[in-house]
Every structure is written in C-alpha cells, then in structure tokens.
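Enquirer: What would the 3D arrangement of this be:
(2 chains)
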Amino acid sequence: MEGFKHLIDVLAKPTILVTFTFVIFFFIFPPSDWFDKWHRRLKFDALWGKKSLIIITGLLIAFFVFGLGDPDFRSIVLKPDNVPISGLIFLVFFFTWLSMSQAYKNDELQEAGKPVDEHYDAPNDKVLVWPDLVYVELISLVLCSAFFLLWSIGLAAPLEEPANPSESPNPAKAPWYFLGLQEMLVYFDPWMAGVVLPSLIILGLMAIPYLDNNPEGAGYYSYKNRKLSIAIFMFGWLVLWVLLIVIGTFLRGPNWNFFGPFEYWDSHKVEALTNVNLSEFIYVKWMGTGLPGNILLREIWGIIITLGYFMVLPPLLAKTWLKDMYAKLGVARYSIFIVLIISALTLPIKMYLRWMFNLKYIISIPEYFFNF
Amino acid sequence: MAEKKNLLQRLAEGQIWTSIFRGGGVPKSRRQRMMVVLNSVFLHLHPVRLPKHAVKLKFTWCMGGLSFFIFLILTISGILLMFYYRPTIEYAYTDIIDLAEQVPFGIMREIHRWGAHAMVITVWLHMFRVFMTGSYKPPREFNWAIGVVLLLLTLLLSFTGYLLPWDQLAIWAIAVGSNMARATPFLGHEGPGAALLAIGDINFVTVASDVRFALIGGRFLGEATLLRFYVLHCIGLPFVIMIFMAVHFWRIRKDGGISTPV
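Expert: Numbers count the residues shown, from 1 in each chain, chains lettered A, B, ... in the order given. A predicted model of the protein is given here:
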C-alpha cells in the first residue's frame, strides 16, 4: 500500500506528469493525419466509447476513495475551497468524453454519407419552446436549486482566521481558478505570468473565430474536419489550464514546493535553488570571464535568442513546415496565430530548460525589472 | 377534487388571470403555445420554435442557461448578504460569522460561495461546448468574443468577492493576485519599462501611483481595498456584466439562434 502511494507521489512529479501528458496528448487528440493513424493504431479512439466512460470514472472514484484513507491526501482534498476542483476533474473528464463521443459518432455518420446527429430538416423539424424547452429549463432550475441547497447545508463555506497582514500563510495561494497562473510564476516573472500571458489568453480566445477560417463543423460535434483547431484548444484548456490548476491546488505545498498527493506538507522540505541565468552560463561557466559590466553586452545572447524565436522563427516556419497553413490563413491571420502559439509554447520550453539545465532567465535585466 | 379543478379553470379564465397572461386558459393549442412565448417579456428571450437538437441536454449541456441561472441565484443571495455585511475591517469578519450563526436560514453565504465557484465552472464548460460544436464560426464570431469578456468578468467578480470575508484565505489570495499588478509592464512600479516613464529623477510610476495602487486603493491591503473590492463586486462589475449579458443574449437571436449544421 505504501509502495503504491509512493509510486503515485513519484508519478505526480511535474517533470514526469507533465512530460507524460505532453508525449501522450497528441496521440489522444490527434492534430494531423499522421497522429490520427497512430491514435487509431494505439486504440485511443476506444476512449470515447461507453465502456471507457464507465471504467475511467470508476478508476477516478476508486482513486479518490482510496486516497481519502490517507491523512495527507484527505487534508488537502477535503479543504473546503478545494472541493470544487475535485468536482472539476470529474466534470471536465465527463464533458470531454461527452463531446468527443458525439464528435466521433458524427464523423462516422459523415463518412458513411449520412446526415449528422444534429441534422434537421428546416423548418419541419422544429419544436415549440412552450412546452419542449421551458420544461427542460424548469427541471434544470429545480435540480440546480436543490443541488445548491444540499451542498450549502452539507458543507460550510471556507472561513479561516481573521485577516492578519503580518502573518502570511505558507503557501499563500491565489483563488483556485488563477492557480494555473500562479504555477507559471515558477517559470516566469510576474510581468509574464501575471500580466502578459493572461492578456494573451484572453486575446487569443477572442481571436479564435477570426483565426480559424475552416467553415467545416459549425453547429454539430465533429473532430475529423477540425483536427488541428480542436487539438490546439484541448491542449490549452486541458493541459495548460486545467492540469496546471490541479497541480497548483493539490500538489503545491509550503514554499510552493512540489508535494505528491500522499506526501506530508513539510514546510522544512529543502529544495536546492541553483537556477542560473543564460548570461551566467555563457560568461561564467563556458568562457570563464565573469559577467561583463555592460548590460547590453551581458544579455546580448539572450536577446538574440528571444528575437530569433519571435521574429525569425515565424517566417521560417511559414516557408517550410507550415507552408500549407500559411497559404490557407494568409499573412495577417498566420502572423497573429503563430505569435499566439509560440507565446504559449514559451511555457513548456521554459519548463524543460528549468528541469534540464536549471536555467532561470534567458534575458535577465533586474536593473529594469526585465527578466524573461 | 372535481370542484377544485373547476375552481382552477375558472381562475384561469377569470379577468385577473387573463389580464396578466393574454390568451387565457392553459396553453394547449399550437397558437396558444406560440402566443405564450411571444407575450411574455421573459419567455420571448427565446424564439417561438427551435431546432429539435436545441432542447437535447447532450447537445447543449444546459451550461449557458445554468450560468445565467446561477448568476440570478448569486444576485439574490448577494442582495440578502448585503443586508448584514458591512465592508469595513472592523466589522467584515464578525459579520461573516454572524451570517452563519445569528441570521435565520444561515446558509446564504454558503449558497453564494458555492454558487460562485460553480458559475466559474459552468461558464468554462459552456465555452467548451460552444467550441466543440464549432458554434463560434460565422456569423457568431462577435458573440464568442462577448462570451470571452463575460468569462473574464465572471472571474473578476469571483476574485473581488474572495476578499470580502476578510479572513486569512481572503487577504492572502488577493495579495498574491494584486502583487502581480506590481509587475505590469509600464504601469506597475516593478514592471519592465516603468523606469522609463520618468523626467529626470521624477518617476511617474511609483509604489503610490501605479496600477496596483489603483486596484487596492493604497500601498497595502487595507480599509480602502475592502471598500473598493466591495463596490466593484456589488455594483461595478455586475453593472458591466449585465450589459454584456444583454448583448450576448440579444446576439444569440440576431445571429440566427442556436447553431445548426448547414
């Protein structure tokens, strides 16, 4: 039993959990035909069958029931403000399954030349709002109200000690829906994690309908015709948003150190912070000359890399690997799309640079609060 | 029993009932059922008729409707909470305790708190559903963007409400959040570029004039922060979100109702 708990603790480490997710993700949500081939060869399409729903939900429940026997797991999962995140895990899985299973069903129908499930023969297939819709709404409202009454009677809203500005809790956590952003603070300075990237998330979401100029798949669940856009959205939503929230809520303890779900939150856990900036790598470690006094000279390598990443990489991709996409999207759409994508990719890139080389900043100009 | 039914029937055909609900009687005929939607200010948010998949839970997940309904629950429970809660450092925390211990039916804060968490989740799931059915595609692009604004406003409403109990959970969560504002490029005093906004030795963006100062009404979380978040939470953001909701609902109808396969 202890061995199993220890195994889960190890598997939940961000390095392993995130790497595993990254590797497997695009085989589950294939963005291209090549991935789709392997997706089917590896039988991942069976995930969206009824059997998988029952098995995975059962496994999730079994895991929580098993975990609640453990005092450390219990103390974190049953913290009142964390309850919604446990619910979120189940809801996100269920609705992902629900949308994907319908999408796959519709894909099959379309392949067989039949109309999709949502097909309707306007205007004959219309139903009246009264009573067909209003009674669905009424039942939803009644059930929803009953649910909130029961939840509220059963579980008191969280309330801790009175506010004390001189005594900070450890860890101090943002509201749970912002924990993905707080998790990014590990890898980025606040101006990126707290301001620039959230703004890009909002702008990127708003830009989706203007960037995705594929007319297929409007008004019904489908996957085959919209592989790339769904895979990208799923990656952002399931991995970069929900998974980071789950990690931030359940797996980040005192000093924002990582703790496995069955690990005691020891505030004296020591994690060596040996992070090194790129400039220190180059001047101190490799050249052995010490950091130059001139800021520009010191950071020139990082600036070159960053400018290259944002200015040279997009046109390069447009000419080579993403040629077809560039042709389809045109200059304006492609530019915005690729900047959003490579901005989002800075997070995984910085994660791995940190894990593999203990790299802290690519550009580090603390004199002007500019660390990237 | 038979007499009671007659009474109901008589009521439904009486002057008072028919003056409120035009058409009279229980809507049974097709015409009556259409009129009942057209004649109600609330129901005519809907069209009179819908494609058949629009009433199926497995298509809509009901998440947009539930988000709106939870918003109503939050508005009502929030108004009730305002009767008891005073947004000052002196009273806020004790008023929260009183809400549970002194006020009859003392679960109003629970409903408000859990409802707020649930609304964040239903709004996310609504967005997820709209994405998966490709319902953001033309002609609904603009309404998707409005929806993203509504998502942002929902998070901001939840964030401002988080501070009001004035307990350790509240102030330190807001401290983490508002500290990020320090680092806003150009507008935060520890943000990149802020030092450039200066004439000689005079900095324009300082700890007492940056965007964090504007957000929390001071250099530290305190009385002004609580009042600011309270006003934003109860008046400012609800006002804005209702305008965007009105546009969102209006545009659903104007963009052709629920999305359908072409």
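Enquirer: Can you name the residues of the stretch 151-262 of chain B that neighbour chain A?
Expert: Along the stretch 151-262 of chain B, the residues adjacent to chain A under the rule Cβ under 8 Å from any Cβ of the partner chain are B:151-152, B:155, B:158-159, B:162, B:165-173, B:175-177, B:179-185, B:188, B:190-196, B:220-222, B:259-262. Heads up, the C-betas are built off the backbone N, CA and C, glycines and all.
Enquirer: can you tell me the residue of the stretch 151-300 of chain A closest to chain B?
Expert: Relative to chain B, the nearest point of the stretch 151-300 of chain A is A:G194 (2.7 Å; Cβ to the nearest Cβ).
Enquirer: wait, that residue sits on A:L185?
Expert: Yes. Look at A:G194 against A:L185 with Cβ atoms under 8 Å: they come within range, at 7.2 Å.
Enquirer: Compare those two (neighbour count), which wins?
Expert: Each of A:G194 and A:L185 has its neighbours counted (other Cβ atoms under 10 Å in any protein chain shown); A:G194 has more, 28 against 18.
Enquirer: Find the nearest non-adjacent residue to the more buried one, please.
Expert: Spatial nearest neighbour of A:G194, excluding adjacent residues (Cβ to Cβ, 6 or more residues apart in numbering or on different chains): B:M180 at 2.7 Å.
Enquirer: So the one you found lies in a helix, does it not?
Expert: Yes. The assignment for B:M180 by DSSP: H, G, I helix; E, B strand; the rest coil puts it in a helix.
Enquirer: That one against A:V195, yeah?
Expert: Yes. Between B:M180 and A:V195 there is a contact under Cβ under 8 Å: 6.3 Å.
Enquirer: what's the burial count for the nearest residue to A:E271 once chain neighbours are set aside?
Expert: Once flanking residues are discounted, A:E271 sits nearest to A:N257: 5.3 Å by Cβ to Cβ, 6+ apart. Using other Cβ under 10 Å, A:N257 is surrounded by 16 other residues.
Enquirer: Tell me where the model's unsure across the chain.
Expert: Assuming you mean chain A. Nowhere does chain A drop to pLDDT under 70.
Enquirer: Switch to chain B, please.
Expert: In chain B, residues with pLDDT under 70: B:1-5, B:23-24.
Enquirer: quick one, strands of the stretch 1-150 of chain A?
Expert: A:126-128 (DSSP state E, counting those that start in this stretch).
Enquirer: That one against chain B: which residues are in contact?
Expert: Residues of the stretch 1-150 of chain A lying near chain B (Cβ under 8 Å from any Cβ): A:81, A:84, A:87-88, A:91-92, A:95-96, A:98-99, A:102-103, A:115-120, A:122-123, A:125-134, A:136-137, A:140-141, A:144-145, A:148-149.
Enquirer: Only whichever of these are buried, select them in ChimeraX.
Expert: With 16 or more other Cβ atoms under 10 Å in any protein chain shown as the criterion, this ChimeraX line picks the buried residues out of the residues of the stretch 1-150 of chain A next to chain B:
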select /A:81,84,88,91,92,95,96,98,99,102,103,116,117,118,119,120,126,128,129,130,132,133,134,136,137,141,144,148
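Enquirer: Could you look up the SS state of the residue nearest in space to the middle of chain B?
Expert: The centroid of chain B falls nearest to B:F71 when counting by Cα atoms, centre = their mean (4.5 Å). Put simply, B:F71 is helix when judged by three-state DSSP.
Enquirer: What segments of the stretch 251-372 of chain A are helices?
Expert: A:278-279, A:295-307, A:313-319, A:323-357 (DSSP state H, counting those that start in this stretch).
Enquirer: would CSV of the ones you listed with distance to chain B and mean neighbour count be doable?
Expert: Formatted as CSV, the helices of the stretch 251-372 of chain A follow (distance: least, Cβ to the nearest Cβ, whole Å; neighbours: other Cβ atoms under 10 Å in any protein chain shown):
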stretch, distance to chain B, mean neighbour count
helix A:278-279, 17, 22
helix A:295-307, 13, 15
helix A:313-319, 22, 15
helix A:323-357, 13, 15
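Enquirer: B:L43: which of the ones you listed is closest?
Expert: Of all the helices of the stretch 251-372 of chain A, helix A:323-357 sits nearest to B:L43, with 40.5 Å by Cβ to Cβ.
Enquirer: now for the closest one, which elements pack on it?
Expert: Packing contacts for helix A:323-357, counted by 3 or more Cβ pairs under 8 Å, 6 or more residues apart in numbering or on different chains; DSSP states H and E, involve helix A:14-28, helix A:197-211, helix A:313-319.
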